[in-house]
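Asker: I'll drop the sequence and a predicted model, then ask my questions.
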Amino acid sequence: MLYSFTCRNLTLISGFLMASSSKKVHEMEVDSEEEEEEFEHFDDYTLASSWERFISEIEAVSRQWLASGPKNLLEKGAVPLGEPKNMYKVTSELKYATKNYCMEYYFEISNAGKAVDWSSTLHDLQLSFGVKEFMVIAPQSANGVILDSPEASKLLSAVAIAFSNCSSLWPAFVPVHDPSRKAYIGIQNMGTVFTRRFEGDLIASQVPVKLMHLEGLYELFVSKFTFSSSDLSTHFFRVHFTMKLTYKTLPYDDDNEVIKSEYEINESEQDNGVDNRNKLQWDDDCPWSEWYTAEDPVKAFELIAMWEEKTVESSMEMAELENVSIHEAHKWFIVPEFSSYLTGDYVGNMVGFASQLGLLIDALAMSLDVQFMEDFVSVDTSGSDKLKSSAIVPPPTVLDRVLKDLCHEGPGVISPESRHKSSRIIKGAPLETLFAQFCLHSLWFGDCNIRAIAVLWIEFIREVRWCWEESQPLPRMPINGTIDLSTCLVNQKLQMLAICIEKKRQQLDSHQDGLGDSNSDSPSVEVEASDVANEDLSQTSSAKEGLIKERDSTSTSNANLEHSNNKNNNKRRGSAGVVESMMLLNSPNHMHAPFTQDPPIMTEDMHEERLRAVEVLGDSFSFSGQLEKDILSSDMSAFKAANPEAAFEDFIRWHSPKDWEDDSSSSSSSKKKWPPSGKLSERMSDSGNSWRKIWNDAPPLPASEQKPLMDPNREGEKILHYLETVRPHQLLEQMVCTAFQAAADTLNQTSFGGLKNMTTKTDQLYLTMASVLRPLQANKLPGDTEIIEDLKRLRVVFEHVEKLITLAASLHRKFLHAPRLSQTIFNNFYNFYLPKMGKPSVGGDTNKDLVKKKEEVRVNERDVVTSMFVQPSANQSWRKVLSMGNLLNGHEPILREIVFSLRDRVDSSYHAPRSQWSHEQEIETHRMYICGTSNDLRVALSVTSCD
C-alpha cells in the first residue's frame, strides 16, 4: 500500500511540476512578446489598412517610372504598341485584397504636336479625351473590366491619392462596364487647383434620331455646362468645333455583274456613243481578259475629310454645317482597301496565268516517261490510276470551240515597240503566232492536265494536216521572210509548213495556168517577154539584196542597148540588171546579175544536222562544194543564162569577190578597163576544185525554168511527221517556254501609267524566265528533277509580278487623271509586298502601316476622287435608309468624328485675391469627343473643375 500511495503521489507531484513549469514558460513568452512590442515596433497609422498599402504600392511604381523617364523606360524593355507606332507602354502588377491588378503607363517618345491631330494615328484614349501620356489600371480578369461601380470609384481614388503624393500629372483611367462598350472613367490632377474628370460610354443600339445630326450633338455638348433647361437653340456659346468624316466607296458585289436592260443599254449608248453591252467587268479592256477575269485588287477606297477648328455659336450654324459641301473640308485623305489575295489573307490559289502555269509544269513532270502523246489519250494504256481519276477532258463542244478560235485568223504581227525588249531571249514563240495561242489555250483547257493537253494537241495536228492537204493557209503564221531561229522548234516547223503550203499553192496555180495556155506560144517566148519586163528599171529592186548595185544613167542606156541586141538573138535570159563597172572577161559587155532562186529554208534541227555532217566529213570546203551543190549549181545556171558569154572567172568575181585577186588599182576608171585584170585565188585555181566542175556541168537556165531548190511536198510531209511523232516531254518543254513567254507578253501589254517599280519588276521577270528556262531549251530535262523545282519557283515569281501588274492596271484606270495618287498608292503597296518577294522593305514603315497609309488628296485631284463615289443604283439605295447628313453623291459617311470644346480664361491663383501679379491662362473647361455611325454613338466627356 505504501508503494501504491507513493506512486500516486509521485504522479500528482510530477503533474503539478509540469503544469507549473509550463505556466512559467507561458508567462515568460508573454513577457518577452510584450517587451518585443514595446522596444522593437511602433504603430504606423499611415499603413493601417490594405487599401492604404495598395495606394503606397501605386505611388512607389509611379515614382519609379517618373524618375526613369521615357528614354530609360525604353532601355528597360518598354513594349511598342505598333499602332500608333510612336507609343510605348510599361506594365506593373499589383495586389489588393484578393484581387490582382495591372497598371499600364502609356507614353510617347516625342510629345510635340497637338493633342488631337486628325492627320496622325492616335490611341483610342488620346483621341477620346485629348490626352497624350496616361495611366490605365484594370483587374487581371478574363475581360479586364470592372463591373462594380463602387469598386471602380475606389480604385480610381487610390490612383488619384497616389499620384497626388508623388506629384504626378498623368491622367488615370479605369475601364468599366462591358468591354465592347469601351467605357472608361478617369481623373487627372492639373498641378493647380484644377482637376479634370473623364467619362466615356457607347450607345450601341436605338440611337436617338436627334443625335444623328450635328444640331442635336451640339445641344448635347452645351447641355453639359448650362444651368438652364430652356431652349438651347436660342442661346449663344463660343464652342470650338472640328470634324472628321470618313466615306467609303461601294464595294464590288454580284449586283455589278447583272446584265443591263435594253433600255439602260440604249440610254448609255446615246449618252456616251460607245457600246457598253459587254463591259460588265472592270478588266474588260485589259489584255488578259481574253483568258480570265481577275478580281479587282482594290476592293474599295475610304475618303477622309477633315475640317479645321472653327467657332460655332448656335445650333443653327451646326445645322448649316450638315449641308455644307465636302469640298470645303481643309484636308482630304484617301485610304485603299486591298483584296485579301494581295495582302496574304486569302486561302487558296488566285486564278490567273501563274496558277495555270503551275498545272502545266505538273503536266511536264508527268510526260517524262511516255513515248507518244497518244498514250495519254487512251486511259487503258496510260498506266496511271491518278491520271484515270483526275485527268478530265472537256466535252467535244469545248474542243471544237477552241480549235475554231485557233484556226481563226488572229491579229497581225505585233510591232517591235509593243514587244518587250527581252522577250526574244526566251526561246518560245511570238504571242501572235499559232503555237503561242495553242499554248495559252492549253492552259485553260481541262485545267491543263496532261490528258487534256494530249487530246488538244492531236486534234490540233489534225487541223494542221487538213490545211496542208487542202493547200489552205496556216492561220496566224507568216509566209514571208526566213525562219526565225530564235523561236522554239515547233514554231519553226509551223512557220516552214506555212511557207511550204504557199509554195505548193503557187505550183498548183502555175500548173493550172499552164494547162489553160496550152495553145499559146512556146515557153521560150514567154520567158523572153518576162525577161524584157524584168529588165525594166522599176523591176530591178526585186533582185536579191547585195547582188545588184544601183545603176547610173550611162550603164542603164548601155544595158538597154545590149538587151535589145540580145533579145533579137534570144540569148540573154533571167537578167535582173547590170552590175555597175563590171565587164566580162571574154566579151566587152557589162556583167548582168541574174534572178536566182531563194536558198532553201531550214529549221534549227536541219542546221544542226548539216553541222554534224561537217564534223563527219572534216573538210568544210569540200563539204560546202558537195552539200551546197544544188544551190551553187542553180546560181551558176542562172548566171550563165543572164551572161551567155561569161566564163567561170566571171561567176567567181560576182558570186565570191574574195576569191578574185585584182591586180589593178581600186579607182573607178581602172574598173571600166577591158579586159579586167586579176586572177583566181589559190583555192579556186586548184585543178581539183569542185566549183569548176559544177560550173562545167551547170546548164544555162534562168531561175524561172529551174527545178526548185526546195521540194515543198517533201518538206511539208517531214514537218507533219515530226509534229505527229514528237516526244511528249519535248513538246511540253517547248510549251512551258512558250506559255511563260506568251503570258508575260500578254501582261506586258497592260497599260499602267509607266510606273517605274512595275517596269523594273517586269524587266527582271524576263531575265529570270530566260535564265530558268534555258535548260529546257537545251533539252536537259529528262532525269533532272531540280529543273522542275526551279520551274515551280519561277511560277511563284511570275505570280508576284502578275499580282502587281493587276494592281497597277486597276489603280491606273481609277486614277487616270490623277496619276500622282496612282503612283504613290502603288509604291506604298510595292514596298509592303517586297518582303513577300524575298526582299527587304524600303523605308521605316511596317508592312501594316504601308497597306493602310493615308495619302493626302490635292485640291486638283478632288474631282477625280469624287467621281469614284458613283450615285447608288435603285437596287443599292433601298438596302439602307440614310439617317446622317453630309452626303457625298448620295453616300453618307460611314464614320463621323467630332470634337467640341469650351475654353475659359482663369486666374492661376484661384482662391487668392486678385493682384497685379496674378496670371491668367486659358484652359479647356469642357471637351466632348463624339464618334458615330448610323447604328451607334460613342461619347467621351472631360470636364475641368476647381475642387
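Answerer: Cool, got the structure.

Asker: going forward, measure contacts between C-alpha atoms and count neighbours the same way
Answerer: Noted.

Asker: Give the helix, strand or coil label for the residue lying closest to Leu245 once chain neighbours are set aside.
Answerer: Counting by Cα to Cα, 6 or more residues apart in numbering, Leu245 lies nearest to Arg896, which is 4.7 Å off, once chain neighbours are set aside. Under the three-state scheme (DSSP: H, G, I helix; E, B strand; the rest coil), Arg896 adopts strand.

Asker: tally of neighbours for Arg896?
Answerer: Using other Cα atoms under 10 Å, Arg896 has 24 other residues around it.

Asker: Against Gly932, how distant is it?
Answerer: 5 Å (Cα to Cα, to the nearest Å).

Asker: Enumerate the positions of whatever helix or strand Gln64 lives in that are buried.
Answerer: Using DSSP states H and E, Gln64 maps to helix 50-75. Residues of helix 50-75 classed as buried under the neighbour-count rule (16 or more other Cα atoms under 10 Å) are 51-52, 54-63, 70, 73-74.

Asker: Ok, stretch 151-161 next?
Answerer: Buried residues in stretch 151-161 (16+ other Cα under 10 Å): 152, 155-161.

Asker: Which pair of the residues you listed spans the longest distance?
Answerer: Ala152 and Ile161 (14.4 Å; Cα to Cα).

Asker: circling back: quick check, nearest of the buried residues of helix 50-75 to Cys737?
Answerer: Using Cα to Cα, Leu74 is the member of those that lies nearest Cys737, at 54.8 Å.

Asker: In terms of pLDDT, where does that closest one sit?
Answerer: Reported pLDDT at Leu74 in the predicted model: 90.

Asker: Over to the one 10 residues further on?
Answerer: Predicted confidence (pLDDT) for Pro84: 75.

Asker: Please apply the same query to Pro700.
Answerer: pLDDT, read off for Pro700, is 94.

Asker: I'd like to know how far the residue lying closest to Ala365 once chain neighbours are set aside sits from Met769.
Answerer: Of all residues not flanking Ala365 in the chain, Ile788 sits nearest, at 7.0 Å (Cα to Cα, 6+ apart). For Ile788, the distance to Met769 equals 13 Å [Cα to Cα].

Asker: between those two, which one's more packed in?
Answerer: A side-by-side neighbour count of Ile788 and Met769, using other Cα under 10 Å, places Met769 first with 23 against 16.

Asker: my read: the more buried one touches Arg795, true?
Answerer: No: counting by Cα atoms under 8 Å, Met769 stays clear of Arg795, with 9.4 Å between them.

Asker: if I pick Leu776, what's in contact with it?
Answerer: For Leu776, the contact set (Cα atoms under 8 Å, 6 or more residues apart in numbering) comprises 733-734, 737.

Asker: lowest confidence element among the helices and strands of this protein?
Answerer: helix 523-534 (a mean of 34; mean pLDDT, DSSP states H and E).

Asker: Determine the set of other helices and strands touching the host helix or strand of Tyr247.
Answerer: Secondary-structure assignment from DSSP H and E places Tyr247 in strand 239-248. In terms of contacts (3 or more Cα pairs under 8 Å, 6 or more residues apart in numbering; DSSP states H and E), strand 239-248 is packed against strand 298-306, strand 310-312, strand 895-907.

Asker: Can you tell me which of these is packed in deepest?
Answerer: Comparing these by mean neighbour count (mean count of other Cα atoms under 10 Å), strand 298-306 comes out on top with a mean of 21.

Asker: List the contacts of that strand.
Answerer: So strand 298-306 is contacted by 118, 242-252, 326, 329-339, 807, 810-811 (Cα under 8 Å, 6+ apart).

Asker: Just the buried ones out of those residues, please.
Answerer: For those, a burial check counting by 16+ other Cα under 10 Å picks out 118, 242-250, 326, 329, 331-339, 807, 810-811.

Asker: Determine the three-state secondary structure at the most centrally placed residue in the chain.
Answerer: Among the residues of the chain, Leu804 comes closest to the average C-alpha position under Cα atoms, centre = their mean, at 0.8 Å. Under three-state DSSP, Leu804 falls in the helix class.

Asker: That one and Asn827, how far apart?
Answerer: Taking Cα to Cα, one finds Leu804 at 10 Å from Asn827.

Asker: again with Lys493
Answerer: 44 Å.

Asker: which of these two has more neighbours?
Answerer: For Lys493 versus Asn827, neighbours defined as other Cα under 10 Å are more numerous around Lys493 (23 against 19).

Asker: so the more buried one makes contact with Lys718?
Answerer: No: counting by Cα under 8 Å, Lys718 is not a contact partner of Lys493; they are 9.5 Å apart.
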